[in-house]
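# structure here, sequence nowhere to be found:
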């Protein structure tokens, strides 16, 4: 029972007050030679730090944080992501209730399932694993999730709040910021702690509503409000003379899904390169996961995220954070 509203206020205070961990390394824009690897797993561990304790505190007051991934069909790439999410959830004690549905499911049937999950008070976060079969409209399906439970941050309300609000720090408490954008934010904040990015140039290659655009918005937002105050340019795979833009970037984020798109001559020496791309390349004896960057970029960049092991673990950790935050909001609502 929730006898006193102060319980919810205390929970919010503890959640917002998530201890900021020490940075993994400092940034030096004059750096040359082989790039220093930014370990995504180390950053992810920092994000997950403290979530286990927060879950235990919620459990003492009757709330078991629960995330429900809805998996349509058996897409192999989707299964890889799902396993990583399940591992992270188990590590922090987050309940994860996977809902499998056949690839032939109709839009009406999937909407009905989401409506049921929206009304289930024991479910705090809902995600629909992408990609979906071509017969289903991913935007319509995504918008069927209640915004408070949209821990991927893909609904019109959550994306719209990010576009309209300059207060990224406050927004991350009131709404869900897409997980990949949060991952890039944390890589810069934790992995390259202590650097003031104000006014420096960022180039984001990729314009998707779920990845590229939210990343650009976070990078360009006012630093005093939780952003980075960077001068940000959005490009894409069809940008004419892409290198003319990327060669000026102090921070280069690529999220196109095109292997070897970014070549060494397109990168400013000493730049920070965050490779969001995840591509499956078939070799004679195996399948290899690679990003968007040519291997030679490591000889030009100052700092760089690997693929795999870079943005991916941070994105999964950000999903866990959003899921615990959603459960915490439930505690606050019930305590009022």
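Received it, and whenever you're ready, just let me know what you need. As the structure is a computational prediction, the values presented were derived from the model and not from experiment.

# which residues touch residue 265?
243, 247 (CB atoms under 8 Å, 6 or more residues apart in numbering). From N, CA and C alone the C-beta is placed, and that goes for glycine too.

# what's the separation between it and residue 323?
Using CB to CB, to the nearest Å, residue 265 is found at 42 Å from residue 323.

# next: residue 102.
26 Å.

# now swap in residue 157 and tell me
18 Å.

# go ahead and confirm residue 301 touches residue 274.
No. Counting by CB atoms under 8 Å, residue 301 does not reach residue 274; the two are 9.9 Å apart.

# quick one, what contacts the nearest residue to residue 101 once chain neighbours are set aside?
Of all residues not flanking residue 101 in the chain, residue 72 sits nearest, at 5.4 Å (CB to CB, 6 or more residues apart in numbering). Neighbouring residues of residue 72 by CB under 8 Å, 6+ apart: 101, 102, 103, 105, 110, 128, 129, 132, 133, 136.

# so what pLDDT did residue 72 get?
Looking at residue 72, its pLDDT stands at 96.

# need the phi and psi values for it.
phi -100, psi 120 (degrees, to the nearest 10).

# could you do residue 143 as well?
According to degrees, to the nearest 10, residue 143 has phi -70, psi -10.

# right, and it touches residue 155 too?
Yes. Counting by CB under 8 Å, residue 143 touches residue 155, with 5.3 Å between them.

# neighbour-wise, which of these two wins?
The residue with more neighbours, out of residue 143 and residue 155 and counting by other CB atoms under 10 Å, is residue 155; that gives 21 against 16.

# residue 157 and residue 323: which is more packed in?
Using other CB under 10 Å as the criterion, residue 157 and residue 323 rank with residue 323 on top: 30 against 16.

# which non-adjacent residue is nearest that one?
Counting by CB to CB, 6+ apart, the residue nearest residue 323 is residue 125, at 4.0 Å.

# ditto for residue 41
residue 313 (4.8 Å).

# and the host helix or strand of the one you found, what does it pack onto?
Using DSSP states H and E, residue 313 sits in helix 311-335. Secondary-structure packing of helix 311-335 (3 or more CB pairs under 8 Å, 6 or more residues apart in numbering; DSSP states H and E): helix 6-16, helix 40-48, helix 51-60, strand 66-72, helix 76-92, strand 125-128, helix 179-186.
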